[in-house]
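Peer 1: A structural model of the following input is requested.
(chains A and B)
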Amino acid sequence: MKLDILSSLNAERAARRAAIVVTDVASGAQRLVRASDFAGDPLRVELEARLRSGKSGMVEAEGGRLFLTVHVPPPRLVITGAVHISQALAPVATLLGYDVVIVDPRTAFATPERFPDVKVIAEWPDVALPPLKIDRYTAFVALTHDPKIDDPALTHALGRDCFYVGALGSRKTHARRLERLAAQGLGDVVLARIHAPIGLAIGAVSPPEIAVAIMGEITASLRLAQAGAAEAAA
Amino acid sequence: MLARDEDILEAAEAWRKAGRGVALATVVETWGSAPRPVGSNLIIDEDGNFLGSVSGGCVEGAVVAEAVDVIGSGEPKMLEFGVADSTAWEVGLSCGGRICVYVEKVD
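Peer 2: The predicted structure follows:
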């Protein structure tokens, strides 16, 4: 690998941008394709599929075998609400490989004792969220049940390119939330991105079951092409 | 905690920029019960120092020896290994896996 390719790759990784290194294993010829350049690439379809699966692998192409090394940033999960469900959600998400950040201005909730091993920020969303630079490899969930905390956080997340946005609450609670957010000027298409009631419909009752339902839905959004397409069409 | 791949690639860049001869080994294909997934990296310098893993320890010694040659010649190499049956058995798998490792010089 040329040093300039390695340096460029490391720069993309540091910026949490995806890239794929294409290596002709017979000749050693190599190139770096940034995710932003996939659209114009002859391997576009293969590259897009690899990006979704996150899996490196060999492909047969015209002129020989190519190895695609897929570099996708580790996914993150940003949660508002240092609540009971979050205590189950954080370890499940960690197990699935997510870097977890919990935001809750209520200092009695947002303690390292309640959330060992994950980052806890005891600040309001307007202070805590912008420095996190929520990106397309970030999932956001609002779990506080408190509109003072969840609403501004949802507004921020919907303004970013995150791959999943979910909010806890019944259909009735969510209908009221949509009214409040619409009154603040958010459009229907944007609001339709919110998964609510949150999580797959598996009849979850306990906080750990709800955590599984949420992570199931987040995994589908991350891995299935049609989940993103359905959102775009909604 | 295991070093993440990005730490390994950053180390490869740092080693090379510090003037060391460096090779990058990557698992490119696996069959059966391979211990490390496709895409796993190992970096090696000309003195045989290494970081990362392509097999969880089974074939690192051989890869490091080949990598020192690759650093010298500049020519990439494809290495193929069968993982010893006894090793596979220990982790509860009935057959030995095979892995292909691509070794290239960083220059």
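Peer 1: from here on, contacts and neighbour counts on C-alpha atoms
Peer 2: OK.
Peer 1: ok, A:H145 - how many residues close by?
Peer 2: Around A:H145 there are 16 other residues, counting by other Cα atoms under 10 Å in any protein chain shown.
Peer 1: which strand or helix spans it?
Peer 2: Remark: A:H145 resides in no helix or strand, with elements defined by DSSP states H and E.
Peer 1: do me a favour and average the pLDDT over the longest helix along chain A.
Peer 2: Identified as the longest helix of chain A according to DSSP state H is helix A:207-223. The average of the pLDDT scores along helix A:207-223 is 96.
Peer 1: what of stretch A:128-139?
Peer 2: Stretch A:128-139 comes out at a mean pLDDT of 94.
Peer 1: need the residues that contact that stretch.
Peer 2: A:73-78, A:103, A:121, A:153, A:156-157, A:160-165, A:218 (Cα atoms under 8 Å, 6 or more residues apart in numbering or on different chains).
Peer 1: just the buried residues of those.
Peer 2: Buried residues within the contacts of stretch A:128-139, counting neighbours by 16 or more other Cα atoms under 10 Å in any protein chain shown: A:73, A:75-78, A:103, A:121, A:153, A:156-157, A:162-165, A:218.
Peer 1: so which of the residues you listed is the closest to chain B?
Peer 2: Comparing these against chain B with Cα to the nearest Cα places A:P73 closest, at 9.5 Å.
Peer 1: please report how far the nearest residue to that closest one once chain neighbours are set aside lies from A:T138.
Peer 2: Nearest residue to A:P73 in three dimensions, chain neighbours excluded: A:R16, at 5.2 Å (Cα to Cα, 6 or more residues apart in numbering or on different chains). Applying Cα to Cα, to the nearest Å, the value for A:R16 to A:T138 is 10 Å.
Peer 1: immediately after the helix or strand where A:K148 lies, which helix or strand?
Peer 2: In the assignment (DSSP H and E), A:K148 maps to helix A:147-158. Along the chain past helix A:147-158, the next helix or strand (assigned with DSSP H and E) turns out to be strand A:164-167.
Peer 1: distance between the longest helix of chain A and the chain's centre?
Peer 2: 12 Å (Cα atoms, centre = their mean, to the nearest Å).
Peer 1: what does stretch A:174-187 give?
Peer 2: 23 Å.
Peer 1: equivalent analysis for stretch A:193-212, please.
Peer 2: 17 Å.
Peer 1: which residues of chain A lie near chain B?
Peer 2: Proximity of chain A to chain B is confined to A:1-3, A:6-7, A:10, A:13, A:25, A:28, A:55-58, A:67, A:69-70 under the rule Cα under 8 Å from any Cα of the partner chain.
Peer 1: just the buried members of the residues you listed?
Peer 2: By 16+ other Cα under 10 Å, the residues of chain A next to chain B give A:1, A:6-7, A:10, A:13, A:25, A:28, A:55-58, A:67, A:69-70 as buried.
Peer 1: can you give me the domain boundaries for chain A?
Peer 2: If you go by automatic domain parsing, the domain ranges for chain A are A:3-71, A:76-233.
Peer 1: what about the shortest one, average pLDDT?
Peer 2: The average of the pLDDT scores along domain A:3-71 is 93.
Peer 1: endpoints of that domain, how far apart?
Peer 2: Terminal-residue distance, domain A:3-71 (Cα to Cα): 17 Å.
Peer 1: circling back to that earlier point, now the domains of chain A in a markdown table, with distance to B:E60?
Peer 2: Compiled in a markdown table, these are given as follows (distance: least, Cα to Cα, whole Å):
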| stretch | distance to B:E60 |
| --- | --- |
| domain A:3-71 | 20 |
| domain A:76-233 | 26 |
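Peer 1: and A:R106, how far is that from A:A82?
Peer 2: 8 Å.
Peer 1: ah, wrong one, I meant A:A39
Peer 2: 40 Å.
Peer 1: just want to know which of those two has more residues nearby.
Peer 2: Legend: neighbour count by other Cα under 10 Å for A:A39 and A:A82, higher for A:A82 (27 against 12).
Peer 1: what sits against that one?
Peer 2: So A:A82 contacts A:102-104, A:109-110, A:144 (Cα under 8 Å, 6+ apart).
Peer 1: A:R16 and A:T138 - which one has more neighbours?
Peer 2: For A:R16 and A:T138, the more surrounded residue by other Cα under 10 Å is A:T138, and the numbers stand at 26 against 18.
Peer 1: gap between that one and A:M215?
Peer 2: From A:T138 to A:M215 the distance is 13 Å (Cα to Cα).
Peer 1: between these two, what contacts are shared?
Peer 2: With Cα under 8 Å, 6+ apart, A:T138 and A:M215 have no common neighbours.
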